[in-house]
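Q: Quick check, what structure comes out for this input:
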Amino acid sequence: MASVAQSSTPVPNASSTTPAPNASNTPGAQQEDIVMVSSLEQRTLSPEWFLYTELAKSLLGERAAFIVDVLLSLGRLSVGEICSKAPSSMNARSVKATLVSLIQLRCIRYVEESVGSSGRAITYYYFNEEGLLLFLYSGSVIEELGRRVSNPSMASQIVQNILSLGSLTLNDYLQSCDPQISKRDVISVFVQLCEGGFLTAITKVHYTPVKALWDGLYIKAYNAIPRTSTMSDLKKRNEAKSKAKVEFLQILNSVNDLSKVLTTDPQTSLRTVVGNLPLTINFARFLKIRRSKQLVQLARTRIGSIPSQVYNIALQITEPKSPEPVDPLTLTGLLQDLDEAKSIHEEQELLEEKNAGTTFSAIDIAKYLPESLDLRNTLKTSLRTNKRGPNPNDQLPTKKLKTEDGFVIPPLPNPQQEQEQQEDDNDDDDPIDEDDGNPHSVSLVNGHLKLLASTSIPFLKEIRPGVFYVPYTKVLPILKTLTYDYIIASTLGPSAMRICRCIRENSLVSEKFINSTALMKEKDIRTTIGSLIKYNVIEIQEVPRTADRAASRAVFLFRSKERHAYNFMNQNLAWNVANLLHKKERLKEDNSTLLTKANRDDVKGKETELLLPSELNQLKMVNERELNIWTRVSRMLSLWEIFKF
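A: Numbering: from 1, shown residues only. Presented below is the predicted three-dimensional model:
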């Protein structure tokens, strides 16, 4: 990630957010001070503002950081409104040029709205976090997309160019690449990236805010209902909402239509990409890869390495058709209605099971298993125990009867025992053939799939014998809960996680109940509860016991609101990522003279000869600290994305 950020975009010599202009020297400083804030309080109150402004400043420059800053702080704005809040160093021309660059990089979206009856249109600009998230994940995007094609090095170069420019056509890339590179190989990589859904044709939908698109479709559907209709206003709204949903999803699904991207070359009869069609990175498709990695890691820690590898294959073959990590309907404001939220959740569950391409069987998995994976002797059955329990009719063993010549009289046959023995013999028949010479046999793969579907965490769900699908709506909340518990245990201690789980399982509890359930000392419990309240893990609810609601007679209970706790963790992780990026820029600023000297053309490759020993040690320290920062950023991102998406 570090190498991509340094090579793809210039890094300005800046370390913090846009500084506030001097009120005595700059006109309109009172308006500017509302937005141009650079303080610890502002960063803490809005961690995502801190993150995105740091990213924009380090990658795109001061002007881009100001545009991102003002749009995040004040919402949508027109060019005139942005210019009125801009410092004196930015005129209208520079603001428009910066907006064009940010739109090309998908950091800003826009919509045109007519004002009044004159028909005059005004363009409003919205902040779009997708573009900056692509920069934040740039290293992972290049690495992951390179693994999915036959030529990783060429795919990495193509993806890096698209990240730097925002979008790219096949013809432009063929004109700029090395003439010695085979054009057929380049076209093949483009086709593979488009077929996998990693590249998509850029359309007006990428530049239109989701909320504005939904509002336009809803108003259009509502106005289409005749005014003479006898329906109530509630029914009109519901009907308009249902029609708008269908059209809204059709528009979004048309973006990933491959028929507009891929075509057949008449000269070679091979598939190719439309040469003049701009292509961009499909960020939602990349998030599916990140989601699969999180689930595979969870399966590895809970079940084992071998089942997790089988699970990884199942996730990869169903990724293209799997539901989006972020449902677009959740971005339209419909979640404010409880009934709409429930219906959206039910539609997501139905889509996981009924959508074509999301179900699979053991035969589908066996085709893609690597040759190095041997499933033989990876499953075993435990010894059968007496599942029926003790039989009250069984008698103690009696004394053996013998005749005069020493013959032992055998006991009388018991039909019930013979039947039970026959059932046990039938149950012991193991359907998994351990002696099968095929390491990827269907029976072995099916055994691992059933293991994944039978655990307490529903990694898979079997809808009919031998057919499975991934229930994302069931397993992702469990992943979020387990990750949250891990963070609490690693930062506040195992006792904090124990009390947190106790409160979560029992909804609303008193301190006395926690004392009797958590099995801890009362002093330790109170200290731990104080820490949990401080970090918004649990909340206090006052329950009055008298009619006058006297505080002295009230009872204080504890409860856990997972939504609030997860949002707080999301903000906390975002602030830590932004703070690491801020420290990296401060590190470069403090050592700018040394880095400028080391990056000179006459010094590169001859550092040991042209630099002093103290400068070499300082340069080594800077590189080690920067590498350490990027490692910590990568770890933070793996946690942040669980609560973000």
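
Q: List the buried residues of the longest helix along the chain.
A: Across the chain, the longest stretch assigned as helix under DSSP state H is helix 613-644. For helix 613-644, the neighbour count (16 or more other C-beta atoms under 10 Å) marks 615, 618-619, 622, 626, 629-630, 633, 636-644 as buried. Every C-beta, even on glycine, is put in place using the N, C-alpha and C of the backbone.

Q: for Gly166, phi and psi?
A: Main-chain torsions, Gly166, degrees, to the nearest 10: phi 90, psi -50.

Q: Contact partners for it?
A: With contact taken as C-beta atoms under 8 Å, 6 or more residues apart in numbering, Gly166 is in contact with 104-106, 131, 280.

Q: Now render those residues as CSV, adding secondary structure and distance to Leu199.
A: Shown next, in CSV, are these (DSSP: H, G, I helix; E, B strand; the rest coil; distance: C-beta to C-beta, whole Å):
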residue, secondary structure, distance to Leu199
Gln104, helix, 16
Leu105, coil, 16
Arg106, coil, 14
Gly131, helix, 16
Thr280, strand, 7
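
Q: closest to Asn377 among those residues?
A: Thr280 (47.4 Å; C-beta to C-beta).

Q: residues near Arg300, how many?
A: 16 (other C-beta atoms under 10 Å).

Q: With Ile306 instead?
A: Ile306 has 17 nearby residues by other C-beta under 10 Å.

Q: was I right about it contacting Ser372?
A: No. Applying C-beta atoms under 8 Å, one finds Ile306 not in contact with Ser372, separated by 11.8 Å.

Q: Most neighbours of all the contacts of Gly166, which one?
A: Gly131 (28 neighbours).

Q: Look up how far Cys502 lies from that one.
A: Computed as C-beta to C-beta, to the nearest Å, the Gly131 to Cys502 distance reads 43 Å.

Q: Over to Phe127?
A: For Phe127, the distance to Cys502 - C-beta to C-beta - is 41 Å.

Q: more neighbours, these two?
A: Phe127 (25 against 20).

Q: Spatially nearest residue to that one, not counting backbone neighbours?
A: Closest residue in space to Phe127, ignoring its immediate chain neighbours: Leu71 at 4.1 Å, by C-beta to C-beta, 6 or more residues apart in numbering.

Q: Val555 too?
A: Val543 (4.7 Å).

Q: Look at that neighbour and say how many residues are nearby.
A: 11.

Q: ok, it - contacts?
A: 554-557.

Q: now those in JSON lines, with pLDDT, neighbour count and distance to Asn515?
A: Formatted as JSON lines, the contacts of Val543 follow (pLDDT from 0 to 100; neighbours: other C-beta atoms under 10 Å; distance: C-beta to C-beta, whole Å):
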{"residue": "Ala554", "pLDDT": "84", "neighbour count": "13", "distance to Asn515": "19"}
{"residue": "Val555", "pLDDT": "87", "neighbour count": "12", "distance to Asn515": "15"}
{"residue": "Phe556", "pLDDT": "88", "neighbour count": "11", "distance to Asn515": "14"}
{"residue": "Leu557", "pLDDT": "92", "neighbour count": "17", "distance to Asn515": "14"}
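
Q: can those residues go into CSV with extra columns for secondary structure and distance to Ser46?
A: CSV is the format used below for the contacts of Val543 (three-state DSSP; distance: C-beta to C-beta, whole Å):
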residue, secondary structure, distance to Ser46
Ala554, coil, 35
Val555, strand, 36
Phe556, strand, 31
Leu557, strand, 32
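
Q: Could you point out which of the residues you listed is nearest to Asn276?
A: Closest to Asn276, out of all of the contacts of Val543 and judged by C-beta to C-beta, is Leu557, at 65.1 Å.

Q: residue boundaries of the helices in the stretch 251-400 of the chain?
A: 283-302, 305-318, 338-354, 362-366 (DSSP state H, counting those that start in this stretch).
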